[in-house]
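>>> here is my input; please provide its structure:
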Amino acid sequence: MAFYRQVGQVPPKRHTQFRKPDGGLYYEELMGEEGFSSDSSLLYHAGVPSAIVDSQVWDLPDLATVANHPLTPRHLKLHDLFTDTSKSNAVEDRRLVLGNGDVRISYVVAEQPSPYYRNAIGDECVYVEKGSATVETVFGVLNAVEGDYVIIPRATTHRWLPGPNGVHAYCIEANSHIAPPKRYLSRYGQFLEHSPYCERDLHATTEPLVVDDTDVEVLVKHRGSGPGGIVGSRMTYATHPFDVVGWDGCLYPYTFNVSDYEPITGRIHQPPPVHQVFEGNNFVVCNFVPRKVDYHPLSVPVPYYHSNVDSDEVMFYCGGDYEARKGSGIGLGSISLHPGGYAHGPQPSAIEASLGAERFEELAVMVDTFRPLELGEGGQAVDDGVYAWTWAGRRNS
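Numbers count the residues shown, from 1 in each chain. As a prediction, the model looks like this:
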């Protein structure tokens, strides 16, 4: 984000002496992207941020994937993944649904505090489907509620503390950074007038979170030789990572609530890019929100059939009633996967039923990827096995 913030105490000039009340120096850390050539922040620690006293292997959950072959559209029922959530946390108990070399999509329902955690592979975009959580980070505290996207930059140490009703989280983990689409921004990074949201809608931390402790374990997900090139380590820090008395810069975690997205509509059906909210390397994130629909006298409000020539489309249905999928078995908590090379669109009965509609009361989060997605263990476990044949109404045996 090019939107500058300052939280807590920082010295008047960067890279200069900044002393504690007892006369000792605070330790300055630059957290920056793309080799000192992109957004960064400066954090001021009471302890040495490099001081570790142990490092062990963290055995990650199953991250293996299998190809979607033969090519098949799929319906995955995410709510069937969790029955007993009393012991689960939002980091260690994620179940991988879909993934490729650019992005992984997982789902978790959690009631317990997570360990301290850092993703050193890429940014995370976590959508809160239901419930709430306090997200403690090295930058301070975020309060995440239903409908929030929580954007956590790569290598941000944090943990999830679910609210009284737990948290249902749809986790998008990138191998890159995640940011607003470039077309929404000026050349200096300000949101432009045609953007469906702006800086006022982004909520970052407001004060430091300082914890005094020693020998603190942090789970680190990082690059290596495991499935998808991912491995994990348990690193123990001599002092608590949450010892930052102040920070400033343009790199930090924040939340954005889907209810603050202002939908773009037209007289005839608008293409999916008007629903885009974020982008990463080789993928985009869109949201379909309650909105007025097409108002040409002969408009067809549901989408036309379209071929994903260059991408796989993943739709997570998380609110309302999604008009185009009526009659398919899709419901709240469902994912539809429409792979590249397959022409997809509304169920036939949904087209006539949509005529004359003035509003759609639907809520869905879409991820389009430009490399094929494979199925993780979670996706395989909740595939309904029949969605592909719902347009024809039959399957040849």
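>>> just for the stretch 1-150 of the chain, where's the confidence low?
Residues of the stretch 1-150 of the chain that meet the criterion pLDDT under 70 lie in 1-2.
>>> okay, helices next: where are they in it?
All residues of the stretch 1-150 of the chain lie outside helices when identified by DSSP state H, counting those that start in this stretch.
>>> burial measure for residue 13, as a count.
Neighbour count of residue 13, defined by other CB atoms under 10 Å: 8. Any C-beta I mention is one placed from the backbone N, CA and C, and that applies to glycine too.
>>> do the one 4 residues further on as well
Around residue 17 there are 9 other residues, counting by other CB under 10 Å.
>>> dump the residue contacts of it.
Residues near residue 17 by CB atoms under 8 Å, 6 or more residues apart in numbering: 11, 25.
>>> could you report the separation of it from residue 6?
Taking CB to CB, to the nearest Å as the measure, residue 17 falls 18 Å from residue 6.
>>> I'd like the distance between residue 209 and residue 8.
From residue 209 to residue 8 the distance is 10 Å (CB to CB).
>>> same thing with residue 63?
Counting by CB to CB, the gap from residue 63 to residue 8 is 36 Å.
>>> quick check: phi and psi at residue 351.
When read as degrees, to the nearest 10, the backbone of residue 351 gives phi -70, psi -60.
>>> before we move on, which element is the closest residue in space to it that isn't next to it in sequence in?
Using CB to CB, 6 or more residues apart in numbering and skipping residues adjacent in sequence, the residue nearest residue 351 is residue 302, 5.9 Å away. In this assignment (DSSP states H and E), residue 302 forms part of neither any helix nor any strand.
>>> from residue 221, how far out is the nearest residue to residue 55 once chain neighbours are set aside?
What sits nearest to residue 55 in space, not counting adjacent residues and going by CB to CB, 6+ apart, is residue 235, at 5.0 Å. Distance of residue 235 to residue 221, given as CB to CB: 11 Å.
>>> and for residue 67?
23 Å.
>>> neighbour-wise, which of these two wins?
residue 221 (22 against 10).
>>> which residues touch that one?
Residues near residue 221 by CB under 8 Å, 6+ apart: 58, 60, 117-121, 230-232.
>>> one more pass at 6 Å, please.
Residues counted as contacts of residue 221 (CB atoms under 6 Å, 6 or more residues apart in numbering) are 119, 121, 232.
>>> off-centre distance for the helix or strand hosting the last one?
Right, residue 232. In this assignment (DSSP H and E), residue 232 forms part of strand 230-239. Centroid separation for strand 230-239 versus its chain: 23 Å, with CA atoms, centre = their mean, to the nearest Å.
>>> scan this protein for its longest strand.
Assignment by DSSP state E gives strand 158-174 as the longest strand of the chain.
>>> can you give the contact residues for the next helix-or-strand element following that one?
The helix or strand immediately downstream of strand 158-174 is strand 202-203, counting by DSSP H and E. Residues outside strand 202-203 that contact it (CB under 6 Å, 6+ apart) are 254-256.
>>> ok, stretch 331-341 next?
68, 71, 73-79, 308, 311-317, 344.
>>> for that stretch, C-alpha coordinates in CSV please.
What follows is stretch 331-341, C-alpha atoms only, in CSV (Å, rounded to 0.1, in the frame of the first residue of the first chain):
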residue,chain,number,x,y,z
GLY,A,331,-25.5,-23.5,-1.4
LEU,A,332,-23.9,-21.5,1.3
GLY,A,333,-20.4,-22.8,2.0
SER,A,334,-20.1,-24.2,-1.5
ILE,A,335,-17.3,-23.8,-3.9
SER,A,336,-17.7,-24.1,-7.7
LEU,A,337,-14.6,-24.8,-9.7
HIS,A,338,-14.9,-24.1,-13.5
PRO,A,339,-11.6,-25.0,-15.1
GLY,A,340,-10.0,-23.4,-18.1
GLY,A,341,-11.0,-25.0,-21.3
